[in-house]
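**Student:** Generate coordinates for the sequence data below:
(one chain, ligands or ions: 1)
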Amino acid sequence: MSDDTVVSDDTVVSDASTWREVLAEATATLGDAREARFICEHASGLDATEFTDALGTAVSQRMGLHVQNMVRRRLAGEPLQYVLGRWAFRHLDLLVDRRVLIPRPETELVAQVALEFAAAVHPNRVVVDLGTGSGAIGLSLAHELPLAGTTVWLTDASPDALDVARANSAGIGRAGANVRVALGDWYAALPQSLCGAVDVIVANPPYIAHNDNEVAASVADYEPHVALFSGDDGLAALRTVIDGARQWLSANGVLVLEIGHRQGGAVRELLTTAGLRDVTILHDLAGRDRIATARV
Ligand SMILES: C[S@@+](CC[C@H](N)C(=O)[O-])C[C@H]1O[C@@H](n2cnc3c(N)ncnc32)[C@H](O)[C@@H]1O
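**Tutor:** Here you go, the predicted structure:
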């Protein structure tokens, strides 16, 4: 460490390294420069540009240990998002930990579709995000829809997940005042007064079959199973959400669902049988079934 190295906070170990050295070591250990950079930036508390400027500065003992601990967890197989305790979703920086599913890029498209429907209805819109987990979809809508006249309900059957969603709701500022949080089994979480009055229901329910052997170990070992698996065919939760939609949606209300990449045909049939119209299956960026929409 050179004499003029800037030391910004707590004690520096005698053989203290600079961020450049710590980053190089983390990269070599992880074999992944992008993840090492994420971890070092997070430990430093700096954003990407500030971190680049700070590469020559000394790393405090506390920050060095923080990096080591995160690298150790990542090497053991824990997903990067849980190691960091945060993840970006659309415009939000979400608290994410093992109580909730890691928000996926394809779900950003689901939020986009729901947002477009919700933006197009009357100004006193009511949106419900069933099975909200971290709150990723519903909080994005609360954040991106007009502040006046918007109400977004977040529901989940997991009290742990709702604790995370509440914390994230507190992080979206004034739009958080438009958010309501409710614990319970799908529609049972909602007050009866919303029956027939919801403009947009959006849900990314669990949709993996219990015996699906394509699920990666990093997913099955770390993410909550209640957020992943749903019956022998993966359609149990989707059936429940689809069956209740006509009762809870307003006239012309819209249902937006994330679905599994091979579920388009089965979900189309469920939506049609439930008496919904304008049934559409949209694809994700990989060209696979991913989103189903339908109207009352
Ligand atoms: C696939 S995760 C989606 C989480 C979040 N909406 C997202 O897109 O990242 C499914 C969510 O549904 C919740 N869930 C599972 N069973 C439920 C039930 N019976 N009623 C309400 N929510 C349920 C899980 O706790 C989990 O948070």
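**Student:** Spit out the contact partners of D233.
**Tutor:** Contacts for D233 (C-beta atoms under 8 Å, 6 or more residues apart in numbering) come out as 209, 266. Placement of C-beta: from N, CA and C, glycine included.
**Student:** which SSE is it in?
**Tutor:** According to DSSP states H and E, D233 maps onto no helix or strand at all.
**Student:** just use 840 as the starting number from now, easier for me
**Tutor:** Sure, I'll start counting at 840 from here, so that last one is D1072.
**Student:** Torsion angles phi and psi at it?
**Tutor:** phi -110, psi 0 (degrees, to the nearest 10).
**Student:** Residue numbers of the stretch 890-1039 of the chain in contact with the ligand?
**Tutor:** Counting by C-beta under 6 Å from any ligand atom, the positions of the stretch 890-1039 of the chain adjacent to the ligand are 939-940, 942, 946, 970-973, 975-976, 994-997, 1000, 1024-1025.
**Student:** In PyMOL, select just the buried ones from these.
**Tutor:** Buried residues within those, by 16 or more other C-beta atoms under 10 Å, are selected in PyMOL with:
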select buried, resi 939+940+942+946+970+971+972+973+975+976+994+995+996+997+1000+1025
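**Student:** Mind checking which of the residues of the stretch 890-1039 of the chain next to the ligand are in helices?
**Tutor:** Within those, residues falling in helices by DSSP state H are 946, 975-976, 1000.
**Student:** Can you read off the pLDDT for the residue nearest to S883 when sequence neighbours are not counted?
**Tutor:** Nearest residue to S883 in three dimensions, chain neighbours excluded: F890, at 5.8 Å (C-beta to C-beta, 6 or more residues apart in numbering). The score at F890 is 98. That number is its pLDDT.
**Student:** Return the set of buried residues in stretch 1046-1056.
**Tutor:** Residues 1046-1048 are the ones in stretch 1046-1056 that count as buried (16+ other C-beta under 10 Å).
**Student:** Show me which of those is closest to A1105.
**Tutor:** Distance ranking of those against A1105, using C-beta to C-beta, places Y1046 first at 10.3 Å.
**Student:** For that closest one, list the residues it contacts.
**Tutor:** Y1046 touches 1069, 1073-1074, 1076-1077, 1097-1099, 1102, counting by C-beta under 8 Å, 6+ apart.
**Student:** so what's the residue nearest the centre of the chain up against?
**Tutor:** Nearest to the mean C-alpha position of the chain, counting by C-alpha atoms, centre = their mean, stands P942 at 2.6 Å. Listed by C-beta under 8 Å, 6+ apart, the contact set of P942 reads 926, 928, 933, 935, 972-973, 975.
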